[in-house]
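A.B. asks: show me how the following folds:
(one chain, ligands or ions: 1)
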Amino acid sequence: MTDFSQRLKLVQQQIADAEAQANRAPQSVQLLAVSKTKPIPDIEAFYQLGQRAFGENYVQEGVEKAQTLAHLNITWHFIGPLQSNKTKAVAEHFHWLHTVDRLKIAQRLSEQRPSHLPPLNVLIQINVSQEASKAGVALNDVDTLADQISALPNLQLRGLMCIPAQQDAIALKQDFKAMQQSFHGLQSRYSQVDTLSMGMSGDLSLAVECGSTLVRIGTALFGAREGRANG
Ligand SMILES: *Cc1c(COP(=O)(O)O)cnc(C)c1O
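C.D. replies: Numbering: from 1, shown residues only. Okay, here's the model as predicted:
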C-alpha cells in the first residue's frame, strides 16, 4: 500500500514535471492506470489513493473486474486488441475503447452499445511506426475512418491512440510528433476530439512533450507483470 502510494506520487510528479517543462497547463495530462493481469485488491488500493481511470487489455478479465467493482466510481478503458466476436462485452461494460482500427468493429460496438448508457468513447489506433504485423490504421487513413465513426449514433469519437515500435529516442519522437500533427488535424474537424492517448511507463515524458493528453501506465504503478507474453 505505501509502495503503491509512493509509486503513484512519483508518476504524478513525472507527469507534472513533463507538463511544466513543455509549458503545458497543470493537469492537462490524464493518468490511466493499466491494471491488466493485476488482482482486484491492487485496483482497490489505487482507488483508495484517488485513482479513478483504469485500463484493461483482455475482454474477459476486464469485464470481471468491472462487474466486481461496479460499486466504485471507476472509468474503465479497454486498451487491448479487440476481435469482432468480443465487441458486445466491451460495448456493455466499458466507458472507453482505445483500439478501433476498422469500420466493422466500430459498427458492431455502436449497434451493441446498450441504450441506457451514454455513447462509448472511442479512439482510433494508429500504426504510427508502420510495422507490418501491428494493429492500427495508417496516418493517411485516419480521416476516412473518423468520418465513418462520426456517423455512428452510439459512439463518440474522442481522438487517437498509438503504441510505437521499440526504437531509439529520435525515431520515437518523430512518431509522437506525427501523432500530434494528425491529432491537431482531427481536432480542427471535430470539436469533441480532445484525447491523444500516447506514452507508457518508459516514454511518458517524451509523449507529454509531444502533446499527449493521456498516458497509459502499468509497470511504474503496479510493478512488473508476470505470465502472459504480450502482457
Ligand atoms: C500494457 C500496456 C500499457 C502499459 O505499459 P507499461 O509499460 O507497463 O506502463 C500501456 N498501453 C497498452 C496498450 C498496453 O498494452
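A.B. asks: any weak-confidence spans in this structure?
C.D. replies: Within the chain, the stretches with pLDDT under 70 are 1, 227-231.
A.B. asks: could you list the contact residues of it toward the ligand?
C.D. replies: Within the chain, the positions lying close to the ligand (C-beta under 6 Å from any ligand atom) are 34, 36, 57, 79, 163, 200-202, 216-220. Using the backbone N, CA and C atoms, a C-beta is placed for each residue, glycine as well.
A.B. asks: among the residues you listed, which ones are buried?
C.D. replies: 34, 36, 57, 79, 163, 200-201, 216-218, 220 (16 or more other C-beta atoms under 10 Å).
A.B. asks: against residue 35, how distant is the residue in the chain positioned nearest to the ligand?
C.D. replies: Among the residues of the chain, residue 218 lies closest to the ligand, at 2.8 Å counting by C-beta to the nearest ligand atom. Counting by C-beta to C-beta, to the nearest Å, the separation of residue 218 from residue 35 is 7 Å.
A.B. asks: anything in contact with each of these two?
C.D. replies: residue 55 (C-beta atoms under 8 Å, 6 or more residues apart in numbering).
A.B. asks: and which of the buried ones among the residues of the chain next to the ligand is nearest residue 143?
C.D. replies: Relative to residue 143, the closest of those is residue 163; by C-beta to C-beta it sits at 20.9 Å.
A.B. asks: for this structure, what spans make up the helices?
C.D. replies: Secondary structure of the chain (DSSP state H): helices located at 2-21, 40-48, 59-68, 87-93, 103-112, 142-150, 169-189, 204-209, 219-222.
A.B. asks: next, the contact list for the closest residue to the residue of the chain closest to the ligand other than its chain neighbours, please.
C.D. replies: Spatial nearest neighbour of residue 218, chain neighbours left out: residue 34 (3.5 Å); criterion: C-beta to C-beta, 6 or more residues apart in numbering. Residue 34 makes contact with 54-57, 79, 200, 216-218, 221-222 under the criterion C-beta under 8 Å, 6+ apart.
A.B. asks: switch the cut-off to 6 Å
C.D. replies: Counting by C-beta atoms under 6 Å, 6 or more residues apart in numbering, residue 34 touches 55, 216, 218.
A.B. asks: what do you get for residue 76?
C.D. replies: By C-beta under 6 Å, 6+ apart, the contact set of residue 76 is 66, 94-95.
A.B. asks: measure it to residue 202 for me?
C.D. replies: Residue 76 is 24 Å from residue 202, by C-beta to C-beta.
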